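# Return atomic coordinates for the entry below.
(chains A and B)
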Amino acid sequence: MFDISSFLISWLPLFGIYAILSLCLNMEVGYAGMANFGLVAFYGIGAFVAGYTSITIFLTFHGYNYPIYSQEAIIAMGKVAGKTPWLNISVFILSLILSFLIAGLAGYLVSYPTLRVGPAFLGITILSFGEMLRVFMKHFAPTGGAYGMLGIPHPFAWIPDSAIKNISFLILTLAILILVLIYFELLANSPYGRVLKSIREDEIASLCIGKPVPQIKARLLFVASGISGVAGALYAFYLGAVTPDMFITAVTFEVWSMVILGGRGNNFGALLGASFFSLLNRATSILNFLFSDLPIDPNYVRWMITGALIVIILMYKPKGVIAEKPIKTEAWKIFGAYGESRRKLIAAILKIIDYLRRAFYWLIGRETGYEPDIKGSKRE
Amino acid sequence: MNPILRVQNVSKRFGGVEALKDVSLEVKRGSVTGLIGPNGSGKSTLFNVITGFYKPDFGSVYFEGKRIDGLNPDEIYNMGIARTFQTPRLFGPLTTLENMMLSPKGQRGESLLRAPLRKTWLNEEMQIANEVKSLLKEFDMDGLYKMLASDLSGGHVKMVETSKGILGRAKLILLDEPTAGVHYAVGKNLFEHINYLRKAYNLTFFIIEHRIDLLFDYVDYVYVLHMGRLLSEGTPEEVASDPKVIEAYIGGA
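Model (predicted):
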């Protein structure tokens, strides 16, 4: 009915982008307890920055003088996108860096005034910031208003075979995801991660042991918003187009549900949540495509499933599928608890092997050799 | 001997309520100083002013000769003043070990840039862990390191809280009702502990306490607050026999 490889090619980049987003949100919500309800704002800023920079640079480089949202520009982009591989790659890298910086700066500036007054204010401020930004972008002519920007040059547009082109992009996305994951894992399992958790649990107590809470939060927001911006840039390059209406508030809540499902305060939980919900997203689209005469659009069913899942998870597994663990720094070694779970696992496996061995000997009716057990004595 | 903490003419007003009126006091280095007074007399407000949670309307606070009113709570901690709260504020879902390892100030691995570079903070981390281990052993709590702080008993929570001050290299520790909610014998034990710490680590304690019978056995000097004013001060014997104090505690206005 459909082949696996093309499904993977359509799913994995989406998974990668959402996974980066949910890792960022997990850092803010799961570790530092900052209710970021406006993740989509930074995601959108990243996408727009990437679209704007890449198209502008391409048009200028090739000597066109059209406004970037005009039809002529889109046609021109179609002509020149595959001509200069080095330009594609360098523009791509430059866009990612700019997206990181601008989205990060936006996160820092928006959150800074509210950081001292508690999580609810931060959440509401960023939430409304995201929505205001979307409405603003809809009416902002230089980036194409409601139509947005089309013809964003794919970093691998110069590869003629579209399958290879897509696979290269997929690998690139997953590579960035792995880098982000490693970075966040290192951050989380360090004294810094410990401080973040203390802030999540009790801001005042954390202040009282000398942690400059507002500063720590603002810096974390810079990094996490910046990386959300990178995810947005990847999304722009993946689709080749950005419009303001791609960045509705629902995107934020989709990422929230990923984090809630997977487990707050656990990066691998965030990955699990992202893979599940992006798979659900793809699956409903495919269902919609395969069975066009369904009585209800599967895309709506997706939201129902999401809502029902959140309720079920919060009722039966409030910590998420993969619950939070104490942070791992070498300090545990001194107490002899480091790697304890691994030792237990090995011991359990050895025990099972031993049982299997005994069962085998029992089946073929031989003594086990070194164990003078009751069975052996009876036989005498 | 010069005082480690000097509060000078501090006033603090919340709307129409004058929580502190022209309060001046001194805490001597190496002493255990008590602060008593009926409910609502401004004891906790005074602690909040000293630790930077409130800015005084008038007056000033000096710590080791440096003016500290107006600084942020984290800056004041870094100067060497640790505090506890009336209701214990450990980080519940974190283990005892993590709770204690949070206390040392200025850890390298706590910066966003250095945290991913393990090598830059590993030595420091191990040093702190060793120190935590020996502290836990010293207080007979070695088995508790991997217990969640929310699972600790009330007495242990208080012990961990005071021990955190030592890890943070605090010179002055402010305790807000350390024996609230624990049994008399445990409270006595805790004061013995405080007395021991003072000598062993050269600390100064400033303690709010409602259990005057317990407190008076261990303190060197007592201040009495009443309706935001300093009512009386002196050694425990002097204060206990002061008629003003008796009146404030037993009745009257």
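# On the three-state scheme, the spatially closest residue to B:V23 that is not a sequence neighbour is what?
Spatially, and ignoring its direct neighbours in sequence, B:V23 is nearest to B:V10 (4.9 Å; CB to CB, 6 or more residues apart in numbering or on different chains). For the C-beta atoms, the positions are set from N, CA and C on the backbone; glycine is no exception. When classified by DSSP: H, G, I helix; E, B strand; the rest coil, B:V10 comes out as strand.
# what residues does the stretch 151-300 of chain A put near chain B?
Counting by CB under 8 Å from any CB of the partner chain, the residues of the stretch 151-300 of chain A lying close to chain B are A:183, A:186-187, A:190-195, A:197-198, A:201-202, A:204-213, A:216, A:219-220, A:223.
# Identify the residues contacting A:I204.
By CB atoms under 8 Å, 6 or more residues apart in numbering or on different chains, the residues touching A:I204 are B:F53, B:R89.
# quick revisit: any idea of the pLDDT on the residue nearest to B:V23?
For B:V10, the pLDDT comes out at 90.
# hang on, isn't it packed against B:F47?
No. Contact between B:V10 and B:F47 fails when scored by CB atoms under 8 Å: they sit 11.6 Å apart.
# The two: who's more crowded?
B:V10 (24 against 21; other CB atoms under 10 Å in any protein chain shown).
# Which of the helices and strands in the chain ranks last by mean pLDDT?
Going with chain A. Every helix and strand of chain A was ranked by mean pLDDT, DSSP states H and E. The lowest is helix A:374-379, at a mean of 48.
# try again with chain B
helix B:243-250 (a mean of 79).
# for chain B, which spans come out with low pLDDT?
Scanning chain B for pLDDT under 70 picks out B:1, B:250-253.
# Try it again at 50.
Low-confidence segments of chain B, defined by pLDDT under 50, span residues B:253.
# Leaving out chain neighbours, which residue sits closest to the spatially most central residue of it?
For chain B, the residue nearest the mean C-alpha position is B:L174 (1.8 Å; CA atoms, centre = their mean). Closest residue in space to B:L174, ignoring its immediate chain neighbours: B:R83 at 4.1 Å, by CB to CB, 6+ apart.
# list the contacts for that neighbour?
A:C208, B:F47, B:I50, B:T51, B:I173, B:L174, B:L175, B:D176.
# tally of neighbours for A:P318?
11.
# Then B:I246?
14.
# just the strands in chain A please.
A:149-150, A:241-242 (DSSP state E).
# picking that back up, the residue nearest to the centre of chain B belongs to a strand, doesn't it?
Yes. Counting by three-state DSSP, B:L174 is located in a strand.
# That one and B:G42, how far apart?
Here B:L174 is placed at a distance of 14 Å from B:G42 (CB to CB, to the nearest Å).
# Ok, A:L345 next?
Taking CB to CB, one finds A:L345 at 57 Å from B:G42.
# Provide the backbone phi and psi angles at B:F63.
phi -120, psi 120 (degrees, to the nearest 10).
# Check the one 4 residues further on too.
B:R67 has phi and psi values of phi -80, psi 130 when expressed as degrees, to the nearest 10.
# ok, B:V222 to B:D242 distance?
According to CB to CB, B:V222 and B:D242 sit 10 Å apart.
# Show me the common contact partners of these two, please.
Residues touching both B:V222 and B:D242 by CB under 8 Å, 6+ apart: B:G234.
# which residues touch A:P119?
A:G33, A:M34, A:A35.
# Who wins on neighbours among those?
A:M34 (24 neighbours).
# ok, the closest residue in space to that residue that isn't next to it in sequence - contacts?
With CB to CB, 6+ apart as the criterion, A:M34 has its nearest non-adjacent residue at 4.6 Å, and that residue is A:E28. Listed by CB under 8 Å, 6+ apart, the contact set of A:E28 reads A:M34, A:N36, A:L220, A:L221, A:A224.
# quick one: pLDDT of A:E28?
A:E28 is given a pLDDT of 92.
# cool, and the one 3 residues further on?
With respect to pLDDT, A:Y31 has a value of 91.
# so what's the residue nearest to it when sequence neighbours are not counted scoring on pLDDT?
Once flanking residues are discounted, A:Y31 sits nearest to A:L196: 4.1 Å by CB to CB, 6+ apart. Per-residue pLDDT puts A:L196 at 93.
# is it true that A:L196 touches A:G30?
No. Taking contacts as CB under 8 Å, A:L196 lies outside contact range of A:G30: 9.0 Å.
# With neighbour numbers in mind, choose between the two.
Taking other CB under 10 Å, A:L196 and A:G30 do not tie; A:L196 has more neighbours (30 against 27).
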